[in-house]
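Undergrad: this is a predicted model, with the sequence first.
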Amino acid sequence: MKTEDYLALDFIDVPTLPADVLAERAAELLRSSGAMAPRSAEAEPAGPGKPAERFPLNRREFLTWLSTGIVIFISLGDVADAQETRRQRSGRPSGPSDFNAFLRIGEDGRVTCFTGKIEMGQGPITSLPQMLAEDLEVPLESVDIVMGDTALCPWDMGTHGSMTTRSFGPNLRAAAAEAKAVLLELAAESLKVPPTQLTAKDGVIFDQQNKEHRVTYAQLAKGQKIERHLTGKAALKEPASFNVMGKPQVRRDSLGKVTGKAQYAGDVRLPGMLYASILRPPAHGAKLKSAETDACKQIPGVQVVHEDDLVAVLHQFPDVAEAALAKIKAEFEVPEPTVDDKTIFDHLLKVAQEPRVGAHGGDLEEGTKLASKKFESTYLNSYVSHAAMETHTALAQIEGDKATVWASTQSPFGARDQIARALGFPPENVRVITPFVGGGFGGKSQSAQAVEAARLAKAVGKPVQVCRTREEEFFYDTFRPAAVVKIKSGVDGAGKIAFWDYEVFFAGERGASHFYSIPHHRTAASGRGFGGEGPHPFGTGAWRAPGNNTNTFARESQIDLMAAAAGVDPVESRLQNLTDARMVRVLKAAAERFGWTPAKAPSKRGYGVACGIDAGSYVAAIAEAAVDPKKGTVQVKRVVCAQDMGLVVNPEGAKIQVEGCITMGLGYALSEEIHFQGGKVLDTNFDTYELPRFSWVPEIETVLVENKELPPQGGGEPAIILMGALVANAIHDATGARLFQCPMTPERVKAALAKA
Amino acid sequence: MPDSIAFKLNGKPVHLGVDGERTLLWVLRTDLGLTGTKFGCGEGHCGSCTVLVNNVASRACLLKAKHVADKEVVTIEGLAPEGKLHPLQKAFMQHDALQCGFCIPGMILTGAAFLKTHPHPTREQIVRGLEQNFCRCGAHVRIIQAMQTAAAELGNMVKR
């Protein structure tokens, strides 16, 4: 598509006024009133929750609107993981209660898909309509998608685990196919031609024997009131006949995002709204003893809310509220720290329960006897932050016994239930709308900010926005848990892995099982590593490919270390020990694109290799890195990543995700680590918590290994799991020094070099 | 006490009655409703709040309202007057140089200021020019490509 065409795309929502008009209006408002009144909203905010003015806004109108046209309800019960169906659901817009999404073909021929999934940069706002358009045979431009609005969309478990394309996608396609079948039946009646003689294309059904004998979807949907449930009987299109899927598409959110018009939760404005700054404890576990708020109350326009544990300062301007908060004199009782970022690993091993054995086979004792070389290693991984550029934000409005909350969340329905409990409202009286989310990576599954905004809105009777400061964002982040992996392993004289004894503590089981062909092996895990209580001094949770970053760092480092000791090239050594055809294919694809030539490590070339499986996708990468031995710094120069992710819906979108994984993964590999003393989080901003920068970014090549027979697998997470081992193995190849802890900071690199 | 602050905002004169000590970022976002300028860190590290002040990329979270008196401020909303996209905006779309999009307004304004002073940048210069802007999703590779494309287009426009 030519750039000129972008502006002509009518499906992209550009709801706000042009900037100059807006500025003029604001200026006029300020001049005429002489006050500092905020601009009130022209209309409801736009974003993935509301793609266009094409369907009615309020619930009653919505239900009426929904009752016309052709509606297909999609239940994830059959195909998706059971979690989607097990959970209790309520507050449905209408009708039956066993569906998770639906699509409607309207009398205007427009197709609308409703899903509780959200858009946080991973691209479903573009890829889901692609799938729908493909199997429904409509132009992509005629598809609208409504995401993450709990009043309009059916219950959804949340957007995580790379499930949107993987589990939701096939069902959406099946629903589209089902809708097409209904349309073909209607067309057969209308055209008086048997359905087998009809072809659907671009929203039109025509008679194969006379193309002028045709009827449009819009005509067919007119006056109809058809509801169907997904039976899964309608056949999906074969990849060979795809017109929309598998082809790059302009992101639907890109125009809004480059013009600043895309709305995030913090961009929603309501008349009379206030901004809250909330009193926070200095450390997790601290108890508020007293809060002196008188000085704060002297500031004109300030309102103070003190409700149980919640002390907040509200004002019509956020910066004034923040300055006023600083005037509160609060005393906290802070528990003595018992653990810090250095002692945490010993602490974790001390409190860990006996690891639970998962995958196992053969006899470890037997394997140990077979091994000519034996290895025993301990790998450490630190707490890391999600550090999305958008901090947790929410705006809540309470009207009578109803609440509407715009929230940056990966879990709109989870947020709805939490808010309902906090307010004492039934869940159906709470509507959570999810505008564009400014990055999540697992960190926005918790929505405490939305609950706070709702509580404050209820307390003051005005809409209230809570937008976390960066310090609050670090403090309340549910970090990727610190973890320890202990591996005992050995190789025989021929370089085959003889035994593998793997124990992981607090990273979780995802990615813990190896995929090599090893006769005697055992994998055991202790502690999931999620949750606020227990071994960790603060909240921990899912972080882009949870668990797998730690497990793949440990496994692929150990595999490399054994290859080096056996004097075998690291790619060759892996191939010797692999029988899994998908893994062999991606590893060979990466090696070929990289231009790999075999050499025993350390070859001084600075080449690293790593393989892994995540979210159903197979990935292998090869990197070239340079180490500055004096400074201890590492520059990754080039990464080639091969990925088999099944059927690729949007190749460009998939490549973007791989690039994002590699770039983001450099952070946990090289610099990212939360420093803390007990419950006090010492990192409060990006000055000490260092994110990857432009100068860190290597040349990245992505090879998508074709596998069209397999349904789409996850794409937003797999490649990131490789980065720890990829960098560690490249450092070893460059210098002979082995790193056993992420991040591989200059100090740790220098320490390893001194030992090498 | 409100001060009277006059400046040019996205090409139009603005007279504000605000306390001059207030943070420019929040004056833009709340008083003026220009929400394209994002809050990311509040301490000038991340660049999400970047605006142009007299053509210089500046962190609105570190500026006070009084600092822009009599100056020209351009926010992301002012970069595409009358719906005509800036070459950088087009290039970001063309290269899919965004994911969550939260850093993008700041990124584009930083890039726009950079291209004014570096009309024929090398890759290394682009990297240095954007080094202080963070993107957590990892769109860096494509942002660099978008910068190169926009530089070429701006170069052609000058030639024409």
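TA: Received the coordinates, thanks.
Undergrad: tell me which residues of stretch A:245-253 come out buried.
TA: A:245-246, A:249-253 (16 or more other CB atoms under 10 Å in any protein chain shown). Any C-beta I mention is one placed from the backbone N, CA and C, and that applies to glycine too.
Undergrad: now what about it, what contacts it?
TA: Outside stretch A:245-253, the residues that touch it by CB atoms under 8 Å, 6 or more residues apart in numbering or on different chains are A:1, A:6, A:9, A:11-12, A:48, A:119, A:123, A:125-126, A:129-131, A:134, A:140, A:145, A:239, A:262, A:436, A:647-653, B:93, B:96, B:98, B:101.
Undergrad: any quick ChimeraX command for the buried ones out of the residues you listed?
TA: Command for ChimeraX, covering only those of the contacts of stretch A:245-253 found buried under the criterion 16+ other CB under 10 Å:
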select /A:6,11,12,48,119,123,125,126,129,130,131,134,140,145,262,436,647,648,649,650,652,653 /B:93,96,98,101
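Undergrad: quick one: the strands in chain B?
TA: Residue ranges of the strands in chain B, as given by DSSP state E, are B:3-9, B:12-18, B:50-53, B:56-59, B:72-74.
Undergrad: returning to what we had before: so which of the contacts of stretch A:245-253 are in strands?
TA: Short answer: the contacts of stretch A:245-253 in strands (DSSP E) are A:Ile145.
Undergrad: make JSON lines from the buried residues of stretch A:245-253 and add pLDDT and secondary structure to it.
TA: Formatted as JSON lines, these follow (pLDDT from 0 to 100; DSSP: H, G, I helix; E, B strand; the rest coil):
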{"residue": "A:Met245", "pLDDT": "87", "secondary structure": "coil"}
{"residue": "A:Gly246", "pLDDT": "78", "secondary structure": "coil"}
{"residue": "A:Gln249", "pLDDT": "81", "secondary structure": "coil"}
{"residue": "A:Val250", "pLDDT": "83", "secondary structure": "coil"}
{"residue": "A:Arg251", "pLDDT": "88", "secondary structure": "coil"}
{"residue": "A:Arg252", "pLDDT": "90", "secondary structure": "coil"}
{"residue": "A:Asp253", "pLDDT": "93", "secondary structure": "coil"}
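Undergrad: farthest pair within these?
TA: A:Gly246 and A:Asp253 (20.4 Å; CB to CB).
Undergrad: name the helix or strand for A:Ser573, please.
TA: If you go by DSSP states H and E, A:Ser573 is part of helix A:570-576.
Undergrad: what are the buried residues along the helix or strand following that helix?
TA: Remark: after helix A:570-576, the chain's next helix or strand is helix A:581-594, criterion DSSP H and E. By neighbour count on 16+ other CB under 10 Å, the buried set for helix A:581-594 is A:582-591, A:594.
Undergrad: can you list the strands that the helix or strand just after helix A:581-594 pairs with?
TA: Remark: after helix A:581-594, the chain's next helix or strand is strand A:607-614, criterion DSSP H and E. Paired strands of strand A:607-614, with direction, are strand A:617-628 (antiparallel) (DSSP bridges).
Undergrad: tell me which residue is most central in chain B.
TA: B:Leu109 (2.5 Å; CA atoms, centre = their mean).
Undergrad: around A:Tyr689, count how many other residues there are.
TA: 22 (other CB atoms under 10 Å in any protein chain shown).
Undergrad: any idea how far the residue nearest to it when sequence neighbours are not counted lies from chain B?
TA: Spatial nearest neighbour of A:Tyr689, chain neighbours left out: A:Asp683 (4.1 Å); criterion: CB to CB, 6 or more residues apart in numbering or on different chains. Using CB to the nearest CB, to the nearest Å, A:Asp683 is found at 12 Å from chain B.
Undergrad: next, count neighbours for A:Asp683.
TA: 23.
Undergrad: again with A:Glu706
TA: If you count neighbours by other CB under 10 Å, A:Glu706 ends up with 14.
Undergrad: so A:Trp543 sits right up against A:Val384, yeah?
TA: Yes. With contact defined as CB atoms under 8 Å, A:Trp543 counts as touching A:Val384 (6.4 Å).
Undergrad: so what sits against both of the two?
TA: Common neighbours of A:Trp543 and A:Val384 are listed as A:479-480 (criterion: CB under 8 Å, 6+ apart).
Undergrad: for A:Pro300, the count of nearby residues, please.
TA: Neighbour count of A:Pro300, defined by other CB under 10 Å: 7.
Undergrad: so it: helix, strand or coil?
TA: coil (DSSP: H, G, I helix; E, B strand; the rest coil).
Undergrad: A:Phe345 now?
TA: When classified by three-state DSSP, A:Phe345 comes out as helix.
Undergrad: you'd agree it is up against A:Ala482?
TA: Yes. Contact status for A:Phe345 versus A:Ala482: in contact at 6.8 Å, counting by CB under 8 Å.
Undergrad: between the two, which has more neighbouring residues?
TA: In this view A:Phe345 and A:Ala482 are compared by other CB under 10 Å, and A:Ala482 has more residues nearby, 28 against 20.
Undergrad: how is the chain carved up into domains?
TA: Since no chain was named, I'll use chain A. Using automatic domain parsing, the domains assigned to chain A come out as A:3-39, A:59-249, A:266-334+A:392-467, A:344-384+A:479-755.
Undergrad: could you do chain B instead?
TA: B:3-78, B:81-159.
Undergrad: the longest helix in chain B is where?
TA: For chain B, the helix with the greatest residue count under DSSP state H is helix B:140-159.
Undergrad: for the chain, where's the lowest mean pLDDT among helices and strands?
TA: Since no chain was named, I'll use chain A. helix A:3-6 (a mean of 30; mean pLDDT, DSSP states H and E).
Undergrad: I was thinking of chain B, sorry if that wasn't clear
TA: Sorting the helices and strands of chain B by mean pLDDT, DSSP H and E puts helix B:140-159 at the bottom, at a mean of 91.
Undergrad: on that earlier part again, could you measure from the residue nearest to the centre of chain B over to B:Arg123?
TA: In this view, B:Leu109 and B:Arg123 are 20 Å apart by CB to CB, to the nearest Å.
Undergrad: pick out the residue of chain A closest to chain B.
TA: A:Gly260 (2.1 Å; CB to the nearest CB).
Undergrad: residues contacting the closest residue to that residue other than its chain neighbours?
TA: Sequence neighbours aside, B:Gly36 is the residue nearest to A:Gly260 in space, at 2.1 Å (criterion: CB to CB, 6+ apart). Contact analysis of B:Gly36 by CB under 8 Å, 6+ apart lists A:19, A:259-261, B:75-77, B:105.
Undergrad: just the buried residues of helix A:581-594 now: which is nearest A:Pro154?
TA: Within the buried residues of helix A:581-594, proximity to A:Pro154 (CB to CB) peaks at A:Arg582, which comes in at 34.1 Å.
Undergrad: quick check on B:Ala69: phi, psi?
TA: phi -60, psi 130 (degrees, to the nearest 10).
Undergrad: do the same with A:Glu472
TA: Per degrees, to the nearest 10, the backbone of A:Glu472 is at phi -60, psi -40.
Undergrad: show me what contacts it?
TA: Contacts of A:Glu472 by CB under 8 Å, 6+ apart are A:278, A:280, A:391-392.
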